[in-house]
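# Show me the folded form of this:
(one chain, ligands or ions: 3)
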Amino acid sequence: MNQIITVNASQSYNINVSYDNLNDLVNFLKNSNFVRKIFIISDTTVCRLHLQTLLSYIEQTNFVYSVYCFEPGEQSKSKEVLFDIYDFLIENNADRKTPLLAFGGGVVGDIASFAASTFMRGIPLIHVPTTIVSQTDSSIGGKTAINHAKGKNLIGTFYQPNAVFIDTKFLDTLSDEEFFNAFSEIIKYGIIMDKQLFEFLETYIDDILKRNYKTITKIIYDCAKNKSIIIQKDEKELGLRAILNFGHTLGHAIEAFFEYKKYTHSQAVSIGEVFAAKLSYKLGLIDEKTFYRIKNLLEKFNLPTKIDKIEPIELINIMQHDKKSKGGILEFILTKGIGEAIIANDINNSLLTETIRELQ
Ligand SMILES: NC(=O)c1ccc[n+]([C@@H]2O[C@H](COP(=O)([O-])OP(=O)(O)OC[C@H]3O[C@@H](n4cnc5c(N)ncnc54)[C@H](O)[C@@H]3O)[C@@H](O)[C@H]2O)c1
Ligand SMILES: O=C(O)C(=O)C[C@@H](O)[C@H](O)[C@H](O)COP(=O)(O)O
Ligand SMILES: [Zn+2]
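Ligands and ions are numbered 1, 2, ... in the order given. Take a look at the predicted model:
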């Protein structure tokens with residue numbers, strides 16, 4: 001059964017979640033007022049595995065298509081790839097009514113949506129996400145980005161898509177490592193706002209590890225719903241939306257420190273989540289048992305929970321560039337208990353240093 005979540009934001013749109021739902025993409029395109037030409041942006045791995053499937057659906061419409069695939073990986077969230085996408089759009093005569101379809105993981109989604117939001121000051125955008133991270137998080141809510149040498153996601157816009165089609169069938173080709181690593185972003189929703197989801201993950205861990213598709217589709221739906229609730233309340237991250245950054249302040253610094261080569265986004269976020277949970281414990285916001293529940297759940301998915309032997313000041317310096325830091329004051333998302341988050345900006349450097357060291 002297809003489940004539809006409507007996001008009411010500056011542009012309202014539906015998120016369609018199901019196993020095998022691309023017929024709905026066909027109907028959406030047929031009923032749209034777009035120019036009958038579509039630009040598909042993807043990476044070479046997704047193209048190799050799934051492009052023919054996507055095209056077999058596009059061919060059921062009267063849209064003509066052009067496809068641009070770039071090298072997979074975080075390093076493609078760059079100004080060079082961005083300008084290659086602009087060149088591709090210009091060479092193929094894209095105009096303000098031709099939709100761009102982002103087909104892939106969060107890297108594809110972030111850069112393709114940034115291109116869609118800036119090309120001709122904005123062209124229609126459709127997400128067809130193919131990883132757990134992109135299905136539960138990055139295709140929803142309109143954050144677009146490329147990286148800068150000085151930090152992750154430093155250049156970006158808020159730009160809501162016209163539609164999101166989450167087909168969990170695409171997940172079948174993910175390796176176990178790629179599949180389960182992404183659970184740090186899922187556990188995040190449990191910690192910051194959804195105690196039931198956290199308990200569900202603890203209870204149904206065996207089923208999840210077997211990749212039971214009904215259980216996985218339920219979890220993906222819950223995450224998409226949780227994120228859309230936040231977006232509707234605070235689309236542009238003026239306050240509440242920052243809680244979606246639980247684990248990210250340190251996580252982004254770790255990714256950047258290792259030049260995006262050692263840890264994936266979800267792995268670095270996992271380390272950042274243990275750090276945020278430890279800070280919460282040391283500040284008396286949660287008890288030790290809750291800290292270990294968070295750490296243990298991450299470990300069930302084989303996610304990293306220790307910080308490398310890096311001088312803490314190096315990570316603190318990178319964190320100063322975080323978008324949540326204002327006037328040099330760092331902001332952290334902490335937890336007051338499973339299902340509850342708070343925003344804290346009064347944490348001194350010695351506590352940060354001490355906590356980083358304790359997790360090494
Ligand atoms: N905009 C947001 O709100 C938001 C939210 C979360 C994460 N992000 C961003 O998303 C990125 C991480 O996304 P990700 O984890 O999807 O990584 P990714 O896009 O790098 O994809 C991971 C790998 O999986 C491959 N892949 C994609 N789909 C596949 C499939 N179905 N089968 C087999 N292989 C497949 C890709 O080619 C890639 O090699 C980071 O850049 C992060 O900053 C953005
Ligand atoms: O959508 C959001 O808001 C998030 O924070 C989701 C995060 O998982 C995601 O990694 C996001 O790109 C981080 O945002 P940033 O503003 O810290 O770059
Ligand atoms: Zn994230």
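
# from here on, contacts and neighbour counts on C-alpha atoms
Fine.

# Does the lengthiest helix in the chain reach ligand 2?
The longest helix of the chain (DSSP state H) is helix 213-233. No - with C-alpha under 6 Å from any ligand atom as the criterion, ligand 2 is not reached by helix 213-233; the gap is at least 7.6 Å.

# So is that helix next to ligand 1?
No - Helix 213-233 does not reach ligand 1 (C-alpha under 6 Å from any ligand atom); its nearest approach is 9.4 Å.

# can you pull the contacts of Phe353?
Not Phe; residue 353 is Thr. Neighbouring residues of Thr353 by C-alpha atoms under 8 Å, 6 or more residues apart in numbering: Pro312, Ile313.

# who does the longest helix of the chain touch, helix- and strand-wise?
Contact partners of helix 213-233 among helices and strands, from 3 or more C-alpha pairs under 8 Å, 6 or more residues apart in numbering; DSSP states H and E: strand 3-7, strand 13-18, helix 183-192, helix 205-209.

# angle of that helix against strand 3-7?
Helix 213-233 and strand 3-7 are oriented at 10 degrees to each other (axes from the mean of the first three to the mean of the last three C-alpha atoms, to 10 degrees).

# ok, and what's touching helix 213-233?
So helix 213-233 is in contact with 3, 5-9, 15, 17-19, 132, 135-137, 140-141, 168, 186, 189, 193-194, 197, 207-208, 240-241, going by C-alpha under 8 Å, 6+ apart.

# ok, and which of those reach ligand 2?
Gly141, Arg241.

# Please render the helices and strands packed on helix 213-233 as TSV that adds distance to Val164 and mean pLDDT to the earlier fields.
Listed next are the helices and strands packed on helix 213-233 as TSV, based on distance: least, C-alpha to C-alpha, whole Å; pLDDT from 0 to 100:
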stretch	distance to Val164	mean pLDDT
strand 3-7	10	97
strand 13-18	5	97
helix 183-192	18	98
helix 205-209	24	97
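
# Which residue is the nearest non-sequential neighbour of the residue sitting nearest the centre point of the chain?
Among the residues of the chain, the one closest to the centroid is Ser138, at 3.1 Å (C-alpha atoms, centre = their mean). Excluding its sequence neighbours, the residue lying closest to Ser138 (C-alpha to C-alpha, 6 or more residues apart in numbering) is Gly106, at 5.5 Å.

# wait, doesn't the residue nearest to the centre of the chain sit right on Asp110?
Yes - judged on C-alpha atoms under 8 Å, Ser138 makes contact with Asp110 at a distance of 7.3 Å.

# circling back: tabulate the helices and strands packed on helix 213-233 (a markdown table), appending distance to Glu311 and mean neighbour count.
Formatted as a markdown table, these follow (distance: least, C-alpha to C-alpha, whole Å; neighbours: other C-alpha atoms under 10 Å):
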| stretch | distance to Glu311 | mean neighbour count |
| --- | --- | --- |
| strand 3-7 | 42 | 17 |
| strand 13-18 | 43 | 21 |
| helix 183-192 | 24 | 25 |
| helix 205-209 | 35 | 15 |
